[in-house]
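**Q** Next come a sequence and a model predicted from it.
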Amino acid sequence: MAADAPPPPPDVPAATAPGAAALAVAPPGIEVVGLRRAFGTVRALDGVDLVARAGAVTALVGPNGSGKTTLLLVLAGLLVPDSGQVRIAGHDPVTDSAAARARTGWMPDAFGTWDSLTAREVLLTFADAYRVERTRAAARVDELLATVHLSEYADQPAAVLSRGQKQRLGLARALVHDPQVLLLDEPASGLDPRSRVDLRILLRRLADEGRTVLVSSHVLSELDEMADDAVFLSRGRTVAGMSEADAAAGRRTWHVRALSLRALTDWLDASGVRYRPDGAGRPEGPDAAGGVLVDVDGETGAAALLRDAVTAGVPLVSSAPAAGALEQAYLALEEERR
Ligand SMILES: Nc1ncnc2c1ncn2[C@@H]1O[C@H](COP(=O)(O)OP(=O)(O)OP(=O)(O)O)[C@@H](O)[C@H]1O
């Protein structure tokens, strides 16, 4: 299996075939319609619809118990749904499980390893299970160990790895067969700041190579930096989806700061723009620097506000979204559902 580019699924016709223009658009990596799964009386998934695009990182966001792990287990073919449809790169993980699994890389939130095997042996065992050609497997495993910065631990028993190092080994394991679709459950948990940055860069690269990346996390600021799209789950249902464009267009809170807080608030009052304190406390002098929070309509609204403030002579020093788009959308949804 090629190490640097995923093979096209066998049922995708060649780009030169008749009707190639319509097929040039990659099929969605993950499609889910009306998915349901109960555990006894608990309806863990109660009507999930989602599309995760090939070539994009999609964030899976939701409170504890909202069904994220259950959904990922169904997508990975490890849990059979009660009803609904799932397609992984066009394949049903229940009725066409071999094809779906061959295209799926799965990284669970807690990754158990066989502690007596070395990091290299763990990966070689999985490469074997995924039928990666033996002649290629060794090079592939070395490459992945380097990617997740574990080369120096390659021949150490997995038992000596720290939690974060085990997470990184889990990521390498998910990639060993060069999957088209990656399912990652809380991949950053236990990682140090450097490893989180590396993870972000790696997931971006994998998506840019045309893979589908679905990633769940509670750290919304982190997802914000890497995700193109987002799907929100609440009580087993998809409650909203959000694309990068939606995030840029939506109403958001901005933190605006000026050399003189009084000049800023006087101008906002005169312009009829509502604002609230930024929680940083009152500045000391009457003309001291300070900031406020202002709700604006997307980036266009923010640009207009800043232009007008500067034109009016307000000595602005900074302005930026007060929280990430995902965090704001998440909190707004929670608010709506109260
Ligand atoms: N094997 C199981 N048996 C019984 N109930 C389960 C099982 N797995 C999950 N559940 C229940 O299904 C619901 C969804 O759980 P799930 O683990 O999918 O949520 P989650 O969104 O991943 O939560 P978290 O953010 O806390 O990881 C919860 O109410 C949970 O208690």
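**A** Alright, I've got the coordinates.
**Q** how about the spatially closest residue to residue 290 that is not a sequence neighbour, what does it touch?
**A** In this structure, residue 290 finds its nearest non-sequential neighbour in residue 261, 3.0 Å apart by Cβ to Cβ, 6 or more residues apart in numbering. Placement of C-beta: from N, CA and C, glycine included. Contact analysis of residue 261 by Cβ atoms under 8 Å, 6 or more residues apart in numbering lists 283, 288, 289, 290, 291, 292.
**Q** are any of those buried, and which?
**A** Taking 16 or more other Cβ atoms under 10 Å as the criterion, what is buried in these is 290, 291, 292.
**Q** Let's see which of the residues you listed end up in helices.
**A** Under the assignment DSSP state H, those contribute nothing to helices.
**Q** tell me, which of these make contact with the ligand?
**A** Residues of the buried ones among the contacts of residue 261 in contact with the ligand (Cβ under 6 Å from any ligand atom): none.
**Q** Can you flag which of those residues belong to strands?
**A** 290, 291, 292 (DSSP state E).
**Q** Against the ligand, how distant is the closest residue to the second one other than its chain neighbours?
**A** Spelled out, it's residue 291. Nearest in space to residue 291, with sequence neighbours left out and distances taken as Cβ to Cβ, 6+ apart, is residue 257 at 3.4 Å. Using Cβ to the nearest ligand atom, to the nearest Å, one gets 35 Å for the distance from residue 257 to the ligand.
**Q** So residue 257 belongs to a helix, correct?
**A** No - under DSSP: H, G, I helix; E, B strand; the rest coil, residue 257 sits outside any helix and is assigned strand.
**Q** Return the residues in contact with it.
**A** So residue 257 contacts 264, 278, 289, 290, 291, 316, 317, 318, 319 (Cβ under 8 Å, 6+ apart).
**Q** Where does confidence bottom out across those?
**A** For these, the weakest pLDDT value sits at residue 278, with 80.
**Q** what about that residue, how many neighbours?
**A** A count of nearby residues for residue 278, using other Cβ atoms under 10 Å, gives 17.
**Q** The chain should start at 19 in everything you say after this.
**A** Yep, numbering from 19; the last one is residue 296 now.
**Q** which ones are touching it?
**A** Contacts of residue 296 (Cβ under 8 Å, 6+ apart): 273, 275, 308, 309, 310, 311, 340.
**Q** on contacts alone, who are the packing partners of the helix or strand hosting residue 163?
**A** Element membership for residue 163 (DSSP states H and E) is helix 152-165. Other elements packing on helix 152-165 under the criterion 3 or more Cβ pairs under 8 Å, 6 or more residues apart in numbering; DSSP states H and E are helix 137-147, helix 181-193.
**Q** Including mean neighbour count, could those go into a markdown table?
**A** Output for the helices and strands packed on helix 152-165, formatted as a markdown table (neighbours: other Cβ atoms under 10 Å):
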| stretch | mean neighbour count |
| --- | --- |
| helix 137-147 | 20 |
| helix 181-193 | 22 |
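**Q** Compare the ones you listed and give me the one nearest the ligand.
**A** Smallest distance to the ligand across the helices and strands packed on helix 152-165 (Cβ to the nearest ligand atom): 15.4 Å, for helix 181-193.
**Q** Next, the angle from that closest one to helix 152-165.
**A** Interaxial angle, helix 181-193 versus helix 152-165 (axes from the mean of the first three to the mean of the last three Cα atoms, to 10 degrees): 140 degrees.
**Q** helix or strand right after helix 181-193?
**A** Next helix or strand after helix 181-193 toward the C-terminus (DSSP H and E): strand 199-203.
**Q** is the ligand contacted by that following strand?
**A** No - Strand 199-203 lies out of reach of the ligand by Cβ under 6 Å from any ligand atom, never closer than 7.4 Å.
**Q** Contact partners for residue 133?
**A** For residue 133, the contact set (Cβ under 8 Å, 6+ apart) comprises 175, 176, 177.
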